[in-house]
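Asker: Predicted model follows, preceded by the sequence.
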Amino acid sequence: MQSAAIAALCVLDLNAAAQFAGESLSRSRDEAQLNQVFSAFLQRQDGAAALARALAAKPPPKRAAEAGLRLMNAGGRRDPQLARVLTEAAGFSSQGIKMTSAEIASFAAEVRSSGDARRGAEIFCRAELGCTACHSVGGQGGNIGPDLNALGTAQPVDFIIGAILDPQKEVKEGYVSVSVVMKNGEEYQGYQVRETGEELVLRDVLQNKEVRLRRDAIKEKRQNGSVMPGGLADTLTRTEFRDLVRFLSELGKPR
Ligand code: HEC
């Protein structure tokens, strides 16, 4: 079944669509098509959960799993179940690195003594991590998350490590995302731009544009915390993580 047909079926019967999607993801090698399949589910209420169930039974190939992770990271849709299934299918560990504050302090010392900022810059730009889809550095990159140009002068190394390991712990002001479910089942996630008597205006993160939602068509609205996914460091080796943090900690500092 073609990705456009799967998207249409999502509106009618999510579970059936998820079955077809599982098959389509196993066969397709076309990135645009893979993205279309994943987006269709991420834009429906309960879509990510339905897809996660189907893929848990029939894991997608590594390539498709990576495409899904990329899209989810870039679009800022947080669905822990789907992320877990895809992380495993992509062959990344899904243990979830946890560090105590003492471990963070000793890792920070390692970053300062042996981190390699140049290698870190390359890691920061890897598409599957999604950092550049959300953050800009030197005028390049996305605007879903804050600009990181002066991060190294604004924040200490251990803060940067913590911000990556656990984005929900301290959500930067102005970056709390809101998710809205409409009575017709559509779902939007984004930052609230304004709210009037008639409408709620969101900057939708997945589509990167403003959407105007009629308040009387809204079923449910909730606050979601940061759209930055947790577990990004899980896909890195310790050395890679160290280099990435070194790169970030030098942003804005004179060379
Ligand atoms: C889906 C979008 C998204 C992705 C992908 C993403 N971030 Fe973020 N990031 C955010 C948002 C939004 C915030 C602000 C909210 C918060 O504090 O978590 C943030 C905050 C941060 C902060 C704290 C900045 C500050 O000034 O407090 C750091 C550091 C950071 N991100 C680094 C990274 C790195 C490194 C990557 C890639 C491994 C990454 N982010 C991937 C959206 C993203």
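Answerer: Nice, thanks for sending it over.

Asker: residues from the stretch 1-150 of the chain in reach of the ligand?
Answerer: Within reach of the ligand by CB under 6 Å from any ligand atom, the stretch 1-150 of the chain has these residues: N73, G76, F124, L129, G130, C131, A133, C134, H135, I144, G145, P146. No exception for glycine: its C-beta is placed from N, CA and C like everyone else's.

Asker: Format these as CSV; extra columns: neighbour count, secondary structure and pLDDT.
Answerer: Shown next, in CSV, are these (neighbours: other CB atoms under 10 Å; DSSP: H, G, I helix; E, B strand; the rest coil; pLDDT from 0 to 100):
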residue, neighbour count, secondary structure, pLDDT
N73, 24, helix, 72
G76, 26, coil, 60
F124, 20, helix, 95
L129, 22, helix, 83
G130, 23, coil, 83
C131, 24, helix, 91
A133, 19, helix, 83
C134, 22, helix, 87
H135, 21, coil, 93
I144, 23, coil, 85
G145, 21, coil, 91
P146, 16, coil, 94
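
Asker: Now flag whichever of the residues you listed is closest to F20.
Answerer: N73 (24.4 Å; CB to CB).

Asker: isn't the closest one right up against T132?
Answerer: No. Using CB atoms under 8 Å, N73 is not in contact with T132, being 10.4 Å away.

Asker: Let me see the contact set for C131.
Answerer: When the contact criterion is CB atoms under 8 Å, 6 or more residues apart in numbering, the partners of C131 are F124, C125, G141, L232.

Asker: Mind checking which of these are buried?
Answerer: Among the contacts of C131, those classed as buried by 16 or more other CB atoms under 10 Å are F124, G141, L232.

Asker: number of nearby residues for the closest residue to A4 other than its chain neighbours?
Answerer: Nearest residue to A4, sequence neighbours excluded (CB to CB, 6 or more residues apart in numbering): Q36, at 7.0 Å. Around Q36 there are 18 other residues, counting by other CB atoms under 10 Å.

Asker: Tell me if Q36 really is in a helix.
Answerer: Yes. Q36 sits within a helix when classified using DSSP: H, G, I helix; E, B strand; the rest coil.

Asker: Please report the distance of it from the ligand.
Answerer: 19 Å (CB to the nearest ligand atom, to the nearest Å).

Asker: possible to save the residues of the stretch 1-150 of the chain next to the ligand as TSV with distance to N15?
Answerer: Output for these, formatted as TSV (distance: CB to CB, whole Å):
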residue	distance to N15
N73	25
G76	25
F124	38
L129	31
G130	28
C131	34
A133	30
C134	31
H135	36
I144	30
G145	33
P146	38
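
Asker: what are the ranges of the strands in the stretch 51-200 of the chain?
Answerer: Using DSSP state E, counting those that start in this stretch, the strands of the stretch 51-200 of the chain run over 136-137, 140-141, 177-182, 187-195, 199-204.

Asker: orientation of the last one relative to strand 187-195 in degrees?
Answerer: Using axes from the mean of the first three to the mean of the last three CA atoms, to 10 degrees, one finds that strand 199-204 and strand 187-195 are set 120 degrees apart in direction.

Asker: elements contacting strand 199-204?
Answerer: Strand 199-204 is packed against strand 177-182, strand 187-195, strand 209-214, with contacts defined by 3 or more CB pairs under 8 Å, 6 or more residues apart in numbering; DSSP states H and E.

Asker: mind putting these in a markdown table, mean pLDDT, distance to F41 and mean neighbour count included?
Answerer: Listed next are the helices and strands packed on strand 199-204 as a markdown table, based on pLDDT from 0 to 100; distance: least, CB to CB, whole Å; neighbours: other CB atoms under 10 Å:
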| stretch | mean pLDDT | distance to F41 | mean neighbour count |
| --- | --- | --- | --- |
| strand 177-182 | 88 | 15 | 19 |
| strand 187-195 | 88 | 10 | 17 |
| strand 209-214 | 93 | 19 | 14 |
